[in-house]
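Trainee: turn this into a model:
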Amino acid sequence: MELSPAYPARAAWGTAPSLRAWQAEAIGRYFDSDPRDYLAVATPGAGKTTFALTIAAELLGRRLVDRITVVAPTEHLKTQWAEAAARVGIPIDPAYSGGKGRTSKDFVGVAVTYAGVASNPLAHRIRTERFKTLVILDEIHHAGDALSWGEAVREAFEPAKRRLALTGTPFRSDVNPIPFVTYEPDPEAGAGVLRSAADYTYGYGHALRDHVVRPVLFWAYGGDLQWRTRAGDEISARLGEPLTKDMAAQALRTALDPGGSWIAAVLEAADRRLSEVRKNVPDAGGLVIASDQDSARAYAALLQRIAGEKPIVVLSDEKAASKNIAKFSAGENRWMVAVRMVSEGVDVPRLAVGVYATTTSTPLFFAQAVGRFVRARARGETASIFLPSHPSLLGFASELELERDHVLGRTITDEGDLFAAENALLAQAQAGESASADETLVPFEALGSQATFAHVLYDGAEFGHAGEVHVGSEEEMDFLGIPGLLEPDQVRSLLQRRQAQRRDLRAAAESADDPLVESTTTHERLAILRRELNSLVAAWHHRTGQPHGVTHAALRRDCGGPAAAIATADQLQARIDRLREWATRKSG
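Mentor: Next comes the predicted model:
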């Protein structure tokens, strides 16, 4: 729609884009209140960039400001903002830096990062003072990442004529106030607790009802895991069952180990889901979010074997990272694998299937990651995200529609602090560090993993079966085969129907004393063979001390074939037979 007659677009600054209802309403409120500071909280994919640039064009047209400064979290987003601004007739320099001092007179504005501001806040302050400046603070919560960043942002942009703050993700609970955000007492939280006050909020639930974002289905996978702790103890646990905090972190790390069967099985399931979605959405793409660069490369190699196509790998320290994202966004490749480059703000509308394969388990990062998949292009498109049955991740998924504010003064019992503590523990384990520096400690080692399908989580409800089922089974395919084009109410209806049909089939099979597994002989046989192989490898480890991964690699060299998660029954049987031969020879 056009801007309301009260706020006509100025031809000098391009044509106003078509606005969504929430954008038009928020813009109307902005000009009604005529604020110096304005905070808009809108779910990822809702169109915060268009909202902000429309306000910028109007302010420029009214001569209320004559320069724009955009502050973004990453280098890639600077370019993305510049490209979006160019489409509405606002030339922005994405290559500007504080040390540069000046930029071409052809530009009306500049785009910088929070880190860039922190490196030279005085230079940005001088520029802000020289002009009537509108500062757009994209993902404003980054100004609270470190006290020094917040102080730099405040120093640099305190003289600004206008400041427009944007965020699309849940704020943390901490003690660092975010510059230019208003805080109000929270009577429900007790004395001394302050909560951020947004001028306009547009949450995921509202956006879903408006068909602005896609419905998100979460595929949760559990499974059996084995690992060796830094103290040398070998632990077996089941992902999805209650575990202590440190065991849950270690279990998650084991599941995501590129050499294990868990991640290979989940990647294969995600690729099958992507194939189903592409039947209705031919250019649909998938994204794997990895913890580190080594894991990203290993996941890409697994996906190449599974999908028969080389994924695009995006690593933050590579100069071609932004170009690779743009290449994937404009192309039809099946998969992209990245570490953190696409966690926030990056716009790849064709992303439809994701694998959350990172050990980062905070509500902020999870919301950022999910935000990459929810942008709606056409009615009926859905988003599918595969994740471990980790309690914190399942909790975030079930609370996707929950709106959060930034809270100051809350105690350490807040969930954000607890998750931060968990991730600090995990980071220490990954670095092989010990508080006591005991030389008897050994590096953490993932010994083995086996994935099982747990359930689909949608709109806070679980859909699946009593207990977990084998990856590749018909029961899993009942859900993986859901069409890629469905309205939100159709998603829930179909999930309920699939669950009821499978429950009736199970009941009929049991009453006839004819287990349903007979109809899934191939899938069950593969699962049985994988379990038998893993048991034999574990026994061989106890007998010889040889790590599980080394044994699996040796069997693959001797017998041929891919990883156990995607091997055929004959290949698995050959490895079982070979390992038994080794055991017999050693006994002899």
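
Trainee: please make it C-alpha for all contacts and neighbour counts, starting now.
Mentor: Noted.

Trainee: in stretch 232-242, which residues are buried?
Mentor: Ser236, Ala237, Arg238, Leu239, Gly240 (16 or more other CA atoms under 10 Å).

Trainee: ditto for stretch 90-109
Mentor: Ile90, Pro91, Ile92, Asp93, Pro94, Tyr96, Ser97, Gly98, Val108, Gly109.

Trainee: quick one on the thing from earlier: for the buried residues of stretch 232-242, which one is nearest Arg379?
Mentor: For the buried residues of stretch 232-242, the closest approach to Arg379 (CA to CA) belongs to Gly240, at 33.9 Å.

Trainee: show me what contacts the closest one?
Mentor: Tyr221, Gly222, Gly223, Pro388, Ser389, His390, Pro391 (CA atoms under 8 Å, 6 or more residues apart in numbering).

Trainee: one more time with 6 Å, if that's ok
Mentor: Residues in contact with Gly240 (CA atoms under 6 Å, 6 or more residues apart in numbering) are Gly222, Ser389, His390.

Trainee: Serialize those residues to TSV and add fields for pLDDT and distance to Asp186.
Mentor: Formatted as TSV, the contacts of Gly240 follow (pLDDT from 0 to 100; distance: CA to CA, whole Å):
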residue	pLDDT	distance to Asp186
Gly222	92	39
Ser389	92	34
His390	89	31
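
Trainee: just the ones of those residues in strands?
Mentor: Gly222 (DSSP state E).

Trainee: give me the below-cutoff pLDDT ranges for the stretch 151-300 of the chain.
Mentor: 170-175, 188-191 (pLDDT under 70).

Trainee: all helices of it, in order?
Mentor: Using DSSP state H, counting those that start in this stretch, the helices found in the stretch 151-300 of the chain span residues 204-209, 245-255, 261-280, 293-307.

Trainee: out of those helices, which comes closest to Arg575?
Mentor: helix 261-280 (15.0 Å).

Trainee: check which helices and strands the closest one is in contact with.
Mentor: strand 445-458 (3 or more CA pairs under 6 Å, 6 or more residues apart in numbering; DSSP states H and E).

Trainee: which residues touch the strand it packs on?
Mentor: 217-228, 254, 260-262, 462-464, 468-471, 548.

Trainee: can I see the domain layout of the chain?
Mentor: The chain breaks down by automatic domain parsing into domains covering 11-209, 216-510, 521-587.

Trainee: report the central residue of the chain.
Mentor: Ala369 (2.2 Å; CA atoms, centre = their mean).

Trainee: what's the helix or strand for it?
Mentor: For Ala369, the host element (DSSP states H and E) is helix 363-370.

Trainee: run the chain-centre distance for that helix.
Mentor: 5 Å (CA atoms, centre = their mean, to the nearest Å).

Trainee: which parts of that helix are buried?
Mentor: Pro363, Leu364, Phe365, Phe366, Ala367, Gln368, Ala369, Val370.

Trainee: same deal with stretch 469-487?
Mentor: Neighbour counts over stretch 469-487 (16+ other CA under 10 Å) mark 469-476, 479-480, 482-487 as buried.

Trainee: in contact with Ala567: list those residues for me.
Mentor: Per CA under 6 Å, 6+ apart, neighbours of Ala567: none.

Trainee: go again with 7 Å.
Mentor: Each residue near Ala567 by CA atoms under 7 Å, 6 or more residues apart in numbering is listed here: Gly561.

Trainee: quick check: phi and psi on it?
Mentor: Phi and psi for Ala567, reported as degrees, to the nearest 10, are phi -80, psi 160.

Trainee: number the chain from 11, please
Mentor: Renumbered: residue one is now 11, and that last one reads Ala577.

Trainee: for it, report the pLDDT, please.
Mentor: Looking at Ala577, its pLDDT reads 77.

Trainee: over to Ala311?
Mentor: So Ala311 comes in at 96 (pLDDT).

Trainee: Leu536 is in contact with Ala579, isn't it?
Mentor: Yes. Between Leu536 and Ala579 there is a contact at 5.7 Å, judged by CA atoms under 7 Å.

Trainee: roughly how far does Leu536 sit from Ser339?
Mentor: For Leu536, the distance to Ser339 (CA to CA, to the nearest Å) stands at 36 Å.

Trainee: now for the protein, the helix or strand with the poorest mean pLDDT.
Mentor: Lowest mean confidence among the helices and strands of the chain (mean pLDDT, DSSP states H and E): helix 425-440, at a mean of 40.

Trainee: the helices in the stretch 311-460 of the chain, which residues?
Mentor: 331-340, 373-380, 401-408, 425-440.

Trainee: got the CA positions of the first one in PDB?
Mentor: Put plainly, it is helix 331-340. C-alpha atoms of helix 331-340 as PDB (Å, rounded to 0.1, in the frame of the first residue of the first chain):
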ATOM      1  CA  ALA A 331      31.600 -15.600   2.600                       C
ATOM      2  CA  SER A 332      29.100 -12.900   1.500                       C
ATOM      3  CA  LYS A 333      29.500 -13.800  -2.100                       C
ATOM      4  CA  ASN A 334      28.800 -17.500  -1.300                       C
ATOM      5  CA  ILE A 335      25.600 -16.500   0.600                       C
ATOM      6  CA  ALA A 336      24.500 -14.400  -2.300                       C
ATOM      7  CA  LYS A 337      25.300 -17.200  -4.700                       C
ATOM      8  CA  PHE A 338      23.200 -19.700  -2.700                       C
ATOM      9  CA  SER A 339      20.300 -17.200  -2.300                       C
ATOM     10  CA  ALA A 340      20.100 -16.600  -6.000                       C
END
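
Trainee: what is it packed up against?
Mentor: With contacts defined as 3 or more CA pairs under 7 Å, 6 or more residues apart in numbering; DSSP states H and E, the packing partners of helix 331-340 are strand 322-324.

Trainee: from start to finish, how long is stretch 164-176 in a straight line?
Mentor: Start-to-end, stretch 164-176 (CA to CA) is 16 Å.

Trainee: next one: Arg315 from Leu374, what distance?
Mentor: Using CA to CA, Arg315 is found at 33 Å from Leu374.

Trainee: how many neighbours does the residue nearest to Arg535 when sequence neighbours are not counted have?
Mentor: Distance criterion CA to CA, 6 or more residues apart in numbering; nearest residue to Arg535, sequence neighbours excluded, is Ala579 at 7.3 Å. Number of residues near Ala579 (other CA atoms under 10 Å) recorded here: 18.

Trainee: quick check, Ala579 in contact with Arg540.
Mentor: No. The criterion here is CA under 7 Å, and Ala579 misses it with Arg540 at 8.8 Å.

Trainee: give the contact list for Ala95.
Mentor: Going by CA under 7 Å, 6+ apart, Ala95 touches Leu63, Pro101, Ile102.

Trainee: ramachandran angles for the first one?
Mentor: Recorded main-chain torsions at Leu63 are phi -70, psi -30, according to degrees, to the nearest 10.

Trainee: what does the pLDDT read for the residue found closest to it once you drop the neighbours it is linked to in the chain?
Mentor: Counting by CA to CA, 6+ apart, Leu63 lies nearest to Ala95, which is 6.5 Å off, once chain neighbours are set aside. pLDDT for Ala95: 96.

Trainee: just Asp424 next, same as before
Mentor: The per-residue pLDDT of Asp424 was computed as 37.

Trainee: measure how buried Gly474 is and give me the count.
Mentor: The burial count assigned to Gly474 is 25, neighbours taken as other CA under 10 Å.

Trainee: name whatever forms a beta bridge with it.
Mentor: In this entry, Gly474 is beta-bridged to His465, by DSSP bridges.

Trainee: that one is in contact with Gln509, isn't it?
Mentor: Yes. Contact criterion CA under 7 Å: Gly474 and Gln509 qualify, at 6.0 Å.
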